[in-house]
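A.B. asks: structure here, sequence nowhere to be found:
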């Protein structure tokens, strides 16, 4: 299952959307970032990007040997350069997670606010494919203010995603209890990239 069919941030409104963005865009850097990012001593390479709305950009990075269809670890960077602020983006995602709780009992989330105005939202989701295989996904998203060229308010999202499939999902959730604090700390202290959206 592709991540974009699982859960994704959509468009300038900063709303979570259960549904997909097609893969036709490929892996094209649209944020003036390097092809690879090192997070927590592991290298991630640009694997996919999209520019689904005029003010919204999304890029995904995977370790060598992993694919968007069946990954275990991912780094994602998103930028909305107009029309939303950090609090609004987080509130929209929390609203969508609360709605998802009605059909996904695994959903659980927590938000941590830093004095600098950044917010980290971490959450768990699950789904089952048509063949009956379970997928469990844990995400931690760090939201920071982003200013457009004209001074417009926007949001930079730097996130990490971890997944498990089938028989490994129970062990994944057990491991997550001890791994989560260190992962969130690494995310909170990671130097945020300087993104410059490419508009042409």
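C.D. replies: Received, thanks. Keep in mind it's a predicted model, so treat the numbers as computed, not measured. Residues are numbered from 1 along each chain as shown.

A.B. asks: which residue lies nearest the spatial centre of this structure?
C.D. replies: residue 159 (4.5 Å; Cα atoms, centre = their mean).

A.B. asks: what about residue 154, neighbour count?
C.D. replies: 24 (other Cβ atoms under 10 Å). (Each C-beta comes from the backbone N, C-alpha and C, glycine too.)

A.B. asks: partners of the helix or strand in which it is found in the sheet?
C.D. replies: Element membership for residue 154, per DSSP states H and E: strand 153-165. Applying DSSP bridges, strand 153-165 is found paired with strand 73-80 (antiparallel), strand 134-147 (antiparallel).

A.B. asks: helix or strand right after it?
C.D. replies: helix 169-189.

A.B. asks: list the buried residues of that next one.
C.D. replies: By 16 or more other Cβ atoms under 10 Å, the buried positions in helix 169-189 come out as 169, 172, 176, 180, 183, 184, 187.

A.B. asks: again, but for stretch 64-74
C.D. replies: 66, 68, 71, 73, 74.

A.B. asks: how about low-confidence regions in the chain?
C.D. replies: Within the chain, the ranges that satisfy pLDDT under 70 run 1-25, 147-152, 200.

A.B. asks: and the buried residues of helix 169-189, which is closest to residue 46?
C.D. replies: Using Cβ to Cβ, residue 187 comes nearest to residue 46 of those, at 18.8 Å.

A.B. asks: would you confirm that that closest one contacts residue 140?
C.D. replies: Yes. Between residue 187 and residue 140 a contact is recorded at 5.2 Å, counting by Cβ atoms under 8 Å.

A.B. asks: before we move on, the earlier item: ok, so of the buried residues of helix 169-189, who is nearest residue 131?
C.D. replies: residue 169 (14.6 Å).

A.B. asks: what's the spacing between the closest one and residue 97?
C.D. replies: 19 Å (Cβ to Cβ, to the nearest Å).

A.B. asks: roughly how far does residue 112 sit from residue 99?
C.D. replies: Separation of residue 112 from residue 99 (Cβ to Cβ) stands at 22 Å.

A.B. asks: oh, that last question was meant for residue 142, not what I typed.
C.D. replies: On the measure of Cβ to Cβ, residue 142 and residue 99 end up 23 Å apart.

A.B. asks: quick one, which of these two is more surrounded?
C.D. replies: residue 142 (22 against 13).

A.B. asks: for the more buried one, what are its contacts?
C.D. replies: 118, 119, 120, 157, 158, 159, 187, 188, 190, 192 (Cβ atoms under 8 Å, 6 or more residues apart in numbering).

A.B. asks: test my guess that the fourth one contacts residue 75.
C.D. replies: No. The pair residue 157 and residue 75 fails to qualify as a contact (Cβ under 8 Å) at a distance of 11.1 Å.
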